[in-house]
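K.L.:
Using only what follows, build the 3D model:
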Amino acid sequence: MRLSPPYPPHQSCAAMGPYIKQSQAWQLLFNKFVLVLGDSVQRSIYKDLVLLLQRDQYLTLPQLKSKGEFSFESDTLVEGGRLGPMTNGTEYREVRQYRSDHHLLRFYFLTQIYSPYMESILEDLSQGLKPDFIIISSCAWDITRYGRGSLELYKQNLHKFFGQIKTIVCHDCLILWNLTMPLGKKIKGGFLVPEVSHLRPTLSYDIIEANFYSSRLAEAYGLDVLDLHFHFRLRLLHRMPDDVHWDALAHRRISTLLLQHAAAAWGVDLHVPLLPPGQDREVNIRPLLAPTQLANQPGRTAGHHYGGVDQPMRDPLQLPPFRQQSSAAGAVGPFYPQVPMQHYPRPPAGNWRFYRRYDNPFPPANPWLGPQVHHQVGGQSAAVH
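P.N.:
Alright, predicted model coming up:
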């Protein structure tokens, strides 16, 4: 698989581990509505998922750097971006959407986890199409751009957001809280404007504190947590020169981690092996879960963010027909076999980093009580309260 742009040897694919393939992502997210909320790193996560659903290629450097473009890989700019003022202020907005016959992805740019703008987004979600998979992250803007008490305000806003999002989405919606990735000590541009440049020396440590608090709180509210800070703490060579953003290989690794987590939560046996050359299109998913009922309904959105954009999706069982080789063109199209759908039991509750928790979704009176410590006993993990 050719990389574009080329990467030096120490940034090779093998160094980042096996990646998920387009055919696997296509089937795992079949008839799923995926919602991505967050900052510019989350926007790159959305872009990589959009690209991965179409072909096995990596994001280019211009694609990683650009923001607010009218279209990216057949998606649509719904609101903000180049349709409005292009600024680095907290009032910047960007709403994007990618829709195909069997996939729907939407992205909202956030500068604060809970605000009047977030309230309008939640109102739209309560009236419109319900997502199956929500990927959320918001931290760097929250703790730098809202005054001296930004960190305490961030903690209060986390409580508000976590409490409301659980009451709006369906009970079987997978909500995944991404912890902020490691920041460098020489941050350039972006959210760190000159007015708050004095925060630069300690910001990487403030992120660790905020990550710890948000992860414990998300677990208390029954959300899933993916610790991207832990996964990339030793992969800093993949961080861009601005000390904030990450390269294409890192984002493909993030997509792999996200979809592996979703597969475990949905009970799908998803294997991501290092395939030998010539077998990149081999399908390794069994079984494909039946799509949720709400994901197959027409859009009912009445909100002002993306009204009229949603279109009805096809029948979930109407997979694309097998394309036969054309005698005229002599080409063979994409091949997606129909995988028999079966029902599997829920995954067992265990390590909160890898499995969904199916216990009481309401947080305890004190979210800091009742931590679980997992020890290896006889080759199996045992929880000690």
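K.L.:
hang on, residue 175 packs against residue 223?
P.N.:
Yes - at 4.8 Å, residue 175 counts as touching residue 223 under the criterion of C-beta atoms under 8 Å. Where C-beta positions appear, they are placed from N, C-alpha and C, glycine not excepted.
K.L.:
and for these two, which residues touch both?
P.N.:
residue 166 (C-beta atoms under 8 Å, 6 or more residues apart in numbering).
K.L.:
Might you report the residue contacts of the residue nearest to residue 147 when sequence neighbours are not counted?
P.N.:
Closest residue in space to residue 147, ignoring its immediate chain neighbours: residue 153 at 7.6 Å, by C-beta to C-beta, 6 or more residues apart in numbering. By C-beta under 8 Å, 6+ apart, the contact list for residue 153 reads 142, 146-147.
K.L.:
Most neighbours out of those, which is it?
P.N.:
residue 142 (27 neighbours; other C-beta atoms under 10 Å).
K.L.:
Let's see stretch 129-136 as PDB, backbone CA atoms only.
P.N.:
The C-alpha trace of stretch 129-136 is given here as PDB (Å, rounded to 0.1, in the frame of the first residue of the first chain):
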ATOM      1  CA  LEU A 129     -32.300  11.100  13.500                       C
ATOM      2  CA  LYS A 130     -30.800   9.300  16.500                       C
ATOM      3  CA  PRO A 131     -27.100   8.400  16.100                       C
ATOM      4  CA  ASP A 132     -25.800   4.800  16.700                       C
ATOM      5  CA  PHE A 133     -22.200   5.800  17.500                       C
ATOM      6  CA  ILE A 134     -21.100   9.100  19.100                       C
ATOM      7  CA  ILE A 135     -17.400  10.000  19.300                       C
ATOM      8  CA  ILE A 136     -16.800  13.000  21.500                       C
END
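K.L.:
what secondary structure does residue 177 sit in?
P.N.:
When classified by DSSP: H, G, I helix; E, B strand; the rest coil, residue 177 comes out as strand.
K.L.:
Would you mind naming the residues that bridge with it?
P.N.:
Judged by DSSP bridges, the bridge partners of residue 177 are residue 136, residue 225.
K.L.:
Verify the stated contact: it with residue 218.
P.N.:
Yes - using C-beta under 8 Å, residue 177 makes contact with residue 218 at a distance of 4.2 Å.
K.L.:
what is in contact with those two at once?
P.N.:
Common neighbours of residue 177 and residue 218 (criterion: C-beta under 8 Å, 6+ apart): 224-225.
K.L.:
name the element the residue nearest to residue 147 belongs to?
P.N.:
helix 150-168 (DSSP states H and E).
K.L.:
quick one: average pLDDT of that helix?
P.N.:
The average pLDDT for helix 150-168 rounds to 94.
K.L.:
Using PDB, list the CA coordinates for it.
P.N.:
The C-alpha coordinates for helix 150-168 follow below in PDB (Å, rounded to 0.1, in the frame of the first residue of the first chain):
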ATOM      1  CA  SER A 150     -11.500  27.600  32.700                       C
ATOM      2  CA  LEU A 151     -10.600  24.300  34.300                       C
ATOM      3  CA  GLU A 152     -13.300  24.500  36.900                       C
ATOM      4  CA  LEU A 153     -15.800  25.700  34.300                       C
ATOM      5  CA  TYR A 154     -14.800  22.700  32.200                       C
ATOM      6  CA  LYS A 155     -15.500  20.300  35.000                       C
ATOM      7  CA  GLN A 156     -19.000  21.800  35.500                       C
ATOM      8  CA  ASN A 157     -19.800  21.600  31.800                       C
ATOM      9  CA  LEU A 158     -18.700  18.000  31.700                       C
ATOM     10  CA  HIS A 159     -21.400  17.200  34.300                       C
ATOM     11  CA  LYS A 160     -24.000  19.100  32.300                       C
ATOM     12  CA  PHE A 161     -23.100  17.400  29.000                       C
ATOM     13  CA  PHE A 162     -22.800  13.900  30.200                       C
ATOM     14  CA  GLY A 163     -26.100  14.200  32.100                       C
ATOM     15  CA  GLN A 164     -28.000  15.400  29.100                       C
ATOM     16  CA  ILE A 165     -26.500  13.300  26.300                       C
ATOM     17  CA  LYS A 166     -27.600  10.100  28.000                       C
ATOM     18  CA  THR A 167     -31.300  11.300  28.100                       C
ATOM     19  CA  ILE A 168     -31.400  12.300  24.400                       C
END
